[in-house]
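1. After the sequence you'll find the predicted model.
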Amino acid sequence: MAVQQTRRALSPTQGEQTPQGAEVRQRDRHYLHLQRLAAANEAPEERLASFLGWFSIGLGLAEVIAPKAFGKLIGAKGEHTNFIRYACGLREIAAGVAILTQRKPAAWVWARVAGDAMDLAALDAALMSDGTDKLKLSAAMASVIGVAALDVYTAQRLSLPRGPHGAVTAINTITINRPPAEVYRFWRDFRSLPRFMSHLESVQVTDEKRSHWVAKAPAGTSVEWDAEITDDQPNQLIAWRSLEGADVDNWGTVRFDPAPGNRGTEVRVEVEYNPPAGALGAGIAKLFGEAPEEQIKGDLRRLKQLLETGEVIHSDSSIHRGAYPAQPAKAERSKP
Amino acid sequence: MKATCWMSPKLVEVQDVPDPRILNQRDAIVRISSTAICGSDLHLYNGFIPAMEPGDILGHEFMGEVVEVGKAVKNLKVGDRVVVPFPIACGHCWHCEKQMFSLCENTNPNAWMAEKLMGYSPAGIFGYSHLTGGYAGGQAEYARVPFADVGPLKIENGFTDEQVLFLSDIFPTGYMGAEMCDIKPGDVIAVWGCGPVGLFAIKSAFLLGAGRVIAIDRFAYRLKKAREEAGAEVINYEEVNVLEALKEMTGGRGPDACIDAVGMESHKPGLLGAYDRTKQALKLEQDRPHAIREAIMACGNGGTVSVIGVYSGFIDKFPMGSLMNRSITIKSGQCHVQRYMRPLLERIRKGDIDPSFVITHRMRLEDAPKGYDMFVKKEDNCEKVVLKP
C-alpha cells in the first residue's frame, strides 16, 4: 500500500503541471523524507536506552562513591556488605557507558536485565537475613522490579530485526555548472549512466521508452531489469520504473532545475526500490551500503566531474577500493 | 622513484615507490627539481591531521620539469619548467570560475569524508591526507599533476628555483593573508607567527601599504629575521603580555588588522596552554587555538582578523563576545594560489621581493627525515628547508 502511494507521489498528475508547482512539491517531499530519516535516527527505544545508560551511570556512581550511605538508603545492614554495592556500582557504570557508546546497545541493555536479576537476588537474601530494614528493602525491590520491566521492554525493542521495511527511498542533490538542457541530454541517453553510477554495469536502450539495466551485485553476480520511462519533460524531468519480472523492483525521478544566480543546474534524484526477500535482498541492501544517500551523492559527484571537466577524476589512492596510501600504483596494476 | 613517505606520527621515511603515471587526460608528470617542507607539513608529521595512511607521499610545495603530458593538456609541453600550486583545481566549476581555486568542487575524490568533518569539502591538495583527496605529494623525484592545464605556472629562464619555488604556497598564502586585511595606507598590522608564511605576510602587508607591522613569536632567531629582513617591529610573547604590548604600541587603539600565521599547534605558556595541550591529547579539542584567541582580543575595534594558519577541526574558548560586540571581521581560507601566481611572479621580476630570503637549509631529498626533525624542533635556527631530489 505504501508502495502504491509513493508511486503516485512520484508521478505528478498532469493537472498540477506548472513547473514551479512541481518543483515545490518535490522539495517538500524531500524535506518530508529528511524529517522521516531524522525521526528514524531517534527511535523511542533508542531514547529509552540512552536514559537507561545515564541511569546506570548515576546509580553506579552513587554505589561506588558512597556504598555505606547507599546501603542505609536501601535498608541493608552493616559495613561488611559495602563491597557488594561497590562491585554492583562498577557493573552499573560499565553497562551505562557501553549502552551510551555502542552503536548497537541491545546486548548491554540485556546485560542490565541480568544485573537486575542479581540485584533482586541480593535484596531477597537481605530481606531473609536478620537486622535489616524490611520496609526499605521492599521499596528497593519494588524499584528494581520497575526498572527491570523497563530494561526488558527496551532490550526487546532494540533486538527487533531492523532493515528495510518495504521500499527504500534515497534522495540527493548536486549543483552542476552546466545548463539544464545539457545535463538533461546527457542523462536522457541512459547508455551513459554507467559512466558515473558505480553500481551499474550497462544500460541498453531497447526503444523510445524502454531500456534494459544490468547492475553489479555482491560476489561477482549481477541483477537485471527492464525499465520504462513513465514521464519525460525535456530539460526538466525524467521518471522511470522497472517492469514486471525485475530482479529488483525500482523506480525514480531526476529533476533538472535552473540554479539561481547563473550557477547551472540543480539536479535532484529520488530513487526507491523494493529489496527482494531473502539472501539476494540482503545482498542488494549491502550493495547500496548502509547509506544509499551517500551512494547517490557519489554518483552525482562523478556526473558533475564528467560534465564540468570531461572525465571522472582520480587521485593516487582513490583508484583503489578501501584504504590505500597516496602513492602511485605499481606498474603491473591495470589502469582504472 | 624516491619519495618522502609518512609512516606514523613523528616518522617519515624516504622510500622507493612506483613512478607516477598519467591517470586523467589533463594530467602532467613533473620531474621535481626543488621541493620544500611546509610548516603545515608539521601538522601531519605531529599526527594532528586525521585520515593519513602509512606510505602517504608528503609535500605540496614543488617545481620541476614537465616530462609527460596527458592528451588534453595543450598549454604545456615536455621540457617546460613549472611551479605547481598546492590546491588542485579543475578550472571549470563555479568556484574555479570565481577564482576560489582552493574550493574547487571536483578535485577531492574523498569529498564525503571532508563533508562529515567540515560540512562541505574543500579542493584536493597534494600530499595532505585523504581528507583532501589522497593525492601523492611532491617531496619526491616525480609527481603526477592533475589539471596541468589550470594550475602549473610556466617559468622562463632568468629565475633560480629558489626565487620562484615559494609561488607554490607560502608566498601567495602570506600575500592572501595580508590582502584579506584590506589594508589602507598607514594601517598597523599584527602578525602572529614568524615562520615562513608569517614572514611573507609581513612583507606582503608592506607591499600593500601598511604603515607598521608588528610580529609576534617566541624564537629569538625568528624575531630577528622578522625585524632585520622583513622590517617588522617584534614582540616575544614569552617576555611580555602581547595584548598590553600591542595596546601600548598603537596608542591604545589596537592593530587595524591581525594575521594568524600560526594555526592549530600554537603555544602558550602557563595554565591555559597546559589545558589546551591536555584537551588536544585527549582528542577533546582538535586544535590549540591561542593565536586566534589572542588575535581577536588584540584586534582594534572594527578591525579584521585574517586566518591563514591551518586548523583542522574544533576549538573551544573562542572569544565570540569580543568578536561580536566590537564589529570584528574574520576572513580565512586555504590560499587560492592560482589567483596569485602571475602577479606575484611579476613582483619578483620587478625586484619588489626575493622570496629566497626565508631559506635556511638546503638538503638532499634523502635527508628529508632530518629536515623534518630540525624544522619541528626549531634546531639550528631552522626557518625553511628546501630539498633537492
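-> Looks like it arrived, so ask away.

2. just the strands in chain A please.
-> Counting by DSSP state E, residue ranges of the strands within chain A are A:168-176, A:200-205, A:210-216, A:222-233, A:237-242, A:249-258, A:265-274.

3. which parts of the third one are buried?
-> By neighbour count, and taking 16 or more other CB atoms under 10 Å in any protein chain shown as the criterion, the buried residues in strand A:210-216 are A:211, A:213-215. Just so you know, the C-beta spots here come from the backbone N, C-alpha and C atoms, and that holds for glycine as well.

4. Using a markdown table, lay out those residues together with distance to residue B:88 and pLDDT.
-> Formatted as a markdown table, the buried residues of strand A:210-216 follow (distance: CB to CB, whole Å; pLDDT from 0 to 100):
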| residue | distance to residue B:88 | pLDDT |
| --- | --- | --- |
| A:211 | 36 | 96 |
| A:213 | 34 | 95 |
| A:214 | 34 | 94 |
| A:215 | 31 | 89 |
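
5. Of these, which is the nearest to chain B?
-> Taking CB to the nearest CB as the measure, residue A:215 is the one of the buried residues of strand A:210-216 closest to chain B, at 20.9 Å.

6. What about the closest residue to residue B:162 other than its chain neighbours, how many residues nearby?
-> Of all residues not flanking residue B:162 in the chain, residue B:356 sits nearest, at 4.0 Å (CB to CB, 6 or more residues apart in numbering or on different chains). For residue B:356, the count of nearby residues is 16 (other CB atoms under 10 Å in any protein chain shown).

7. If I follow the layout properly, residue B:356 ends up in contact with residue B:167?
-> No. Using CB atoms under 8 Å, residue B:356 makes no contact with residue B:167, being 11.7 Å away.

8. hang on, the earlier thing: could the buried residues of strand A:210-216 be laid out in JSON lines, adding distance to chain B?
-> Converted to JSON lines, the buried residues of strand A:210-216 look like this (distance: CB to the nearest CB, whole Å):
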{"residue": "A:211", "distance to chain B": "28"}
{"residue": "A:213", "distance to chain B": "25"}
{"residue": "A:214", "distance to chain B": "25"}
{"residue": "A:215", "distance to chain B": "21"}
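
9. Pick out the most distant pair among those.
-> For the buried residues of strand A:210-216, the farthest-apart pair by CB to CB is A:211 and A:215; their separation is 12.6 Å.

10. Let me see the contact set for the nearest residue to residue B:30 once chain neighbours are set aside.
-> In this structure, residue B:30 finds its nearest non-sequential neighbour in residue B:64, 4.5 Å apart by CB to CB, 6+ apart. With CB atoms under 8 Å, 6 or more residues apart in numbering or on different chains as the criterion, the residues that contact residue B:64 are B:30-34, B:81-82, B:84, B:143.

11. got it, and residue A:60?
-> Residue A:60 touches A:88-96, counting by CB under 8 Å, 6+ apart.

12. Repeat the analysis, applying 7 Å as the threshold.
-> Going by CB atoms under 7 Å, 6 or more residues apart in numbering or on different chains, residue A:60 touches A:89-90, A:92-93, A:96.

13. Adding neighbour count and distance to chain B, write those residues out as CSV.
-> Putting the contacts of residue A:60 into CSV (neighbours: other CB atoms under 10 Å in any protein chain shown; distance: CB to the nearest CB, whole Å) gives the following:
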residue, neighbour count, distance to chain B
A:89, 22, 24
A:90, 13, 22
A:92, 23, 24
A:93, 18, 19
A:96, 22, 20
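
14. Wait, residue B:76 touches residue B:66, no?
-> Yes. Taking contacts as CB atoms under 7 Å, residue B:76 lies within contact range of residue B:66: 5.3 Å.

15. Those two: who's more crowded?
-> Neighbour count, other CB under 10 Å: between residue B:76 and residue B:66, residue B:66 has more, with 21 against 18.

16. ok, the residue of the stretch 151-300 of chain A found nearest chain B - contacts?
-> Residue nearest to chain B within the stretch 151-300 of chain A: residue A:177 (4.9 Å; CB to the nearest CB). By CB under 7 Å, 6+ apart, the residues touching residue A:177 are A:263-264, A:308, B:92-94.

17. Next: residue A:85.
-> Per CB under 7 Å, 6+ apart, neighbours of residue A:85: A:63, A:67, A:70-71.

18. So which bits of stretch A:29-40 are buried?
-> Across stretch A:29-40, burial judged by 16+ other CB under 10 Å covers A:29-30.

19. What is the distance between that stretch and the centre of its chain?
-> 12 Å (CA atoms, centre = their mean, to the nearest Å).

20. Okay, domains of the chain per the record?
-> In the absence of a named chain, this looks at chain A. What automatic domain parsing lists as the domains of chain A is A:44-159, A:165-309.

21. could you do chain B instead?
-> Taken from automatic domain parsing, chain B resolves into B:2-169+B:335-388, B:171-332.

22. Turn those domains into JSON lines, including mean pLDDT.
-> Output for the domains of chain B, formatted as JSON lines (pLDDT from 0 to 100):
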{"stretch": "domain B:2-169+B:335-388", "mean pLDDT": "97"}
{"stretch": "domain B:171-332", "mean pLDDT": "94"}
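
23. Residue B:314 is nearest to which of the domains of chain A?
-> domain A:44-159 (19.3 Å).

24. circling back: quick check: the two most widely separated of the contacts of residue B:64?
-> Farthest-apart pair in the contacts of residue B:64 is B:81 and B:143; separation 14.3 Å (CB to CB).

25. If anything else comes up later, I'll come back, but that's it for now.
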